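> Using only what follows, build the 3D model:
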Amino acid sequence: MVPATEALERLQQGNRRFASNVRGAQVQLQGTRGVELPTSQEPFAIILGCSDSRVPAEIVFDQGLGDLFVIRVAGNVIAPSLVGSVEFAAERFGTRLVVVLGHTQCGAVLATIEALRGPAGPSSRNLQAIVDRVRPSLQPLLETELRDDPDALVKQAVRANIRASANQLRHGSQILEQLIADDGLLVVGAEYCLETGVVDFFDGMPLES
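Numbers count the residues shown, from 1 in each chain. Purely as a prediction, here's the structure:
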């Protein structure tokens, strides 16, 4: 079992390589590893990220096959099946780091802002379900001066949505709460910058990191 702090350092190092356009030697050697993988897996981190095609976690963190347990959904929102996926990996594989990975200019966040400001809502009930999960963290921002600064509003809204999802994982699952309290599970929030390729871990970080 890889401790959460060690797993976090691996991700940070991998992202520094990615942002510098330098691939790790271990990842480069994994081109044919698919046929050699054992029948079990031991991912060292769980990534709950946005489905945006520009933010593939394995590439962003310069990791290879079997390294990450990745769950992707538009807006990195939290729903029961997604919580269950995190619980499954944490219990079955002993993975002790969970990262909620959002990104700048998130389309789900932008859609939610549009829905809150305009008369027309999403085009389907399924899209509405995503907006409804993002809405609670964004609504308070529209009641501040940020409502008059679109760029600042989006920036703060993305981070508010990441924090909300991370908090839901920390406090919305008895299994995860127990693993946090007793077994060193760590849930952190991070934002990927589309412009620079850098991931900023900003929520729930341990003091020593």
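> Please count neighbours and contacts with C-alpha atoms only from this point.
Fine.
> May I have the residues that are in contact with residue 67?
For residue 67, the contacting residues are 42, 43, 44, 45, by Cα atoms under 8 Å, 6 or more residues apart in numbering.
> surely residue 57 meets residue 48?
No: with contact defined as Cα atoms under 8 Å, residue 57 does not reach residue 48; the gap is 9.1 Å.
> Compare neighbour counts for these two and give me the winner.
Set residue 57 next to residue 48 and count neighbours by other Cα atoms under 10 Å: residue 48 wins out with 27 against 23.
> Quick one: the helices in this structure, in order.
With DSSP state H as the criterion, the chain has helices at 4-19, 25-28, 57-60, 80-93, 107-117, 125-138, 150-171, 174-182.
> Take the contacts of residue 67 and keep only those in strands.
residue 45 (DSSP state E).
> Dump the contacts of residue 67 to JSON lines, plus neighbour count, pLDDT and distance to residue 176.
Listed next are those as JSON lines, based on neighbours: other Cα atoms under 10 Å; pLDDT from 0 to 100; distance: Cα to Cα, whole Å:
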{"residue": "42", "neighbour count": "17", "pLDDT": "93", "distance to residue 176": "18"}
{"residue": "43", "neighbour count": "22", "pLDDT": "97", "distance to residue 176": "17"}
{"residue": "44", "neighbour count": "27", "pLDDT": "98", "distance to residue 176": "16"}
{"residue": "45", "neighbour count": "28", "pLDDT": "98", "distance to residue 176": "14"}
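> With just CA atoms, put stretch 170-177 into PDB.
What follows is stretch 170-177, C-alpha atoms only, in PDB (Å, rounded to 0.1, in the frame of the first residue of the first chain):
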ATOM      1  CA  ARG A 170     -15.100  13.300   2.700                       C
ATOM      2  CA  HIS A 171     -18.400  13.500   4.400                       C
ATOM      3  CA  GLY A 172     -20.900  11.600   2.200                       C
ATOM      4  CA  SER A 173     -19.700   8.100   2.600                       C
ATOM      5  CA  GLN A 174     -19.400   6.100   5.800                       C
ATOM      6  CA  ILE A 175     -16.800   3.900   4.200                       C
ATOM      7  CA  LEU A 176     -14.600   6.800   3.100                       C
ATOM      8  CA  GLU A 177     -15.100   8.600   6.400                       C
END
